[in-house]
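> sequence and predicted structure, then a few things I'm wondering about:
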Amino acid sequence: MSNLRLSEIWIYPIKSLRGISLEKATVLEKGLASDRRWMLADERNKFITQREHPELALFSVSLADNHIHILHRKNNESVSFSTEVPEENVLQTTIWNDTVTTIEPWPEISAWFTNQLNFRCKLVHFPESNSRLVDTQYANNNENVSLADGYPFLIIGQSSLDDLNKRLQEPLPIRRFRPNFVFTGGEPYEEERWRNFSIGTVEFAGVKNCARCVLTTVDPETGIKGKEPLLTLSKYRKHDNKILFGQNVVLRKPGVVQVGDEISVASS
């Protein structure tokens, strides 16, 4: 196994909006600090994503001074709000098959998103103390997750992306796949075999290969859906009627990771 090193760290403070690339991150049980602790929900309090609303890709997100800043890249309108959330306006919100307790702290921010998207929606926060269990079929120790689809972390090898891009007419950036961790070295898709591994001093367990959906076909620059990469991946990465790319991961031992950290694989 060649030298494996962490090359990129990504967080997505608001689910299904644009991600942020980091040099260093604190690793918590539910996911990286500030990763997917917020999401947009419709008027029935059901989560919304780029699957049905690809235009969500047009919202850029940044973090500074305990505030989240949002910019709509098409009309250049922006808004900011504090990450220090009052415990009021509690809602029961649906995400996939889970009902979770969330807070709508800033109705005026919900109104801003409603105006931008032209349908009623609300911005909700998932407090760190709240519970949302990882699928027990794949959990190691009743782990929790925040508002990610199902698992706290997603890791993808640069070699896997490079192999895919050789098969595509136009290469795609890693952003299409919304990973938390990207690494260099190793063979294409080897991360999907990892069971126990560490990034620096932080220990993880790979629990389930990641089944990919139409969200990967949304161009993060334009918010427009296409056919790739699912069309090409379906020809060689299909298993049990699911298209696989990347590994879903849970935490074994917390800590801090930073770009350049060595990755050690204990078992696969």
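Thanks, I have the structure now.

> I'd like to know which elements the lengthiest strand in the chain is packed against.
The single longest strand within the chain, with elements called by DSSP state E, is strand 242-253. Using 3 or more CB pairs under 8 Å, 6 or more residues apart in numbering; DSSP states H and E as the contact test, the elements touching strand 242-253 are strand 153-157, helix 158-167, strand 202-211, helix 230-233. Quick note: C-beta positions are derived from backbone N, CA and C, even for glycine.

> which residues of the stretch 51-200 of the chain fall in strands?
Taking DSSP state E, counting those that start in this stretch to define them, one finds strands in the stretch 51-200 of the chain at 59-64, 67-72, 78-82, 90-95, 98-103, 121-125, 153-157, 181-184, 196-199.

> could you save the ones you listed as a markdown table and add columns showing distance to Thr217, mean neighbour count and mean pLDDT?
Shown next, in a markdown table, are the strands of the stretch 51-200 of the chain (distance: least, CB to CB, whole Å; neighbours: other CB atoms under 10 Å; pLDDT from 0 to 100):
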| stretch | distance to Thr217 | mean neighbour count | mean pLDDT |
| --- | --- | --- | --- |
| strand 59-64 | 18 | 15 | 98 |
| strand 67-72 | 22 | 17 | 98 |
| strand 78-82 | 27 | 15 | 98 |
| strand 90-95 | 21 | 16 | 97 |
| strand 98-103 | 25 | 18 | 97 |
| strand 121-125 | 22 | 24 | 98 |
| strand 153-157 | 17 | 24 | 98 |
| strand 181-184 | 20 | 23 | 98 |
| strand 196-199 | 29 | 20 | 98 |
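
> ok so, going back, most tightly surrounded among the helices and strands packed on strand 242-253?
Most buried of the helices and strands packed on strand 242-253, by mean neighbour count (mean count of other CB atoms under 10 Å): strand 153-157, with a mean of 24.

> who does that one pair with, and is each partner parallel or antiparallel?
Partners of strand 153-157 in the sheet, by DSSP bridges, are strand 181-184 (parallel), strand 242-253 (antiparallel).

> present the ones you listed as TSV; the columns should include distance to Cys210.
Formatted as TSV, these follow (distance: least, CB to CB, whole Å):
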stretch	distance to Cys210
strand 181-184	12
strand 242-253	4
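
> could I get the helices and strands packed on strand 242-253 as JSON lines with distance to Lys74?
Formatted as JSON lines, the helices and strands packed on strand 242-253 follow (distance: least, CB to CB, whole Å):
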{"stretch": "strand 153-157", "distance to Lys74": "27"}
{"stretch": "helix 158-167", "distance to Lys74": "27"}
{"stretch": "strand 202-211", "distance to Lys74": "29"}
{"stretch": "helix 230-233", "distance to Lys74": "25"}
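
> Thr101 is nearest to which of these?
Minimum separation from Thr101 across those (CB to CB) falls at strand 153-157, 22.8 Å.

> quick one: contacts of the closest one?
31-32, 148, 174, 177-191, 194, 204, 206, 210, 245-251 (CB atoms under 8 Å, 6 or more residues apart in numbering).

> return the members of those classed as buried.
Buried members of the contacts of strand 153-157, counted by 16 or more other CB atoms under 10 Å: 31-32, 148, 174, 177-186, 189-191, 194, 204, 206, 210, 245-251.

> so who does Pro229 touch?
Leu164, Leu168, Leu172, Arg176, Thr216, Thr217, Phe245.

> surely the first one and Phe245 touch.
Right, Leu164. Yes - using CB atoms under 8 Å, Leu164 is in contact with Phe245, at 7.5 Å.

> between those two, which contacts overlap?
Joint contacts of Leu164 and Phe245 (CB under 8 Å, 6+ apart) are Pro229, Leu233.
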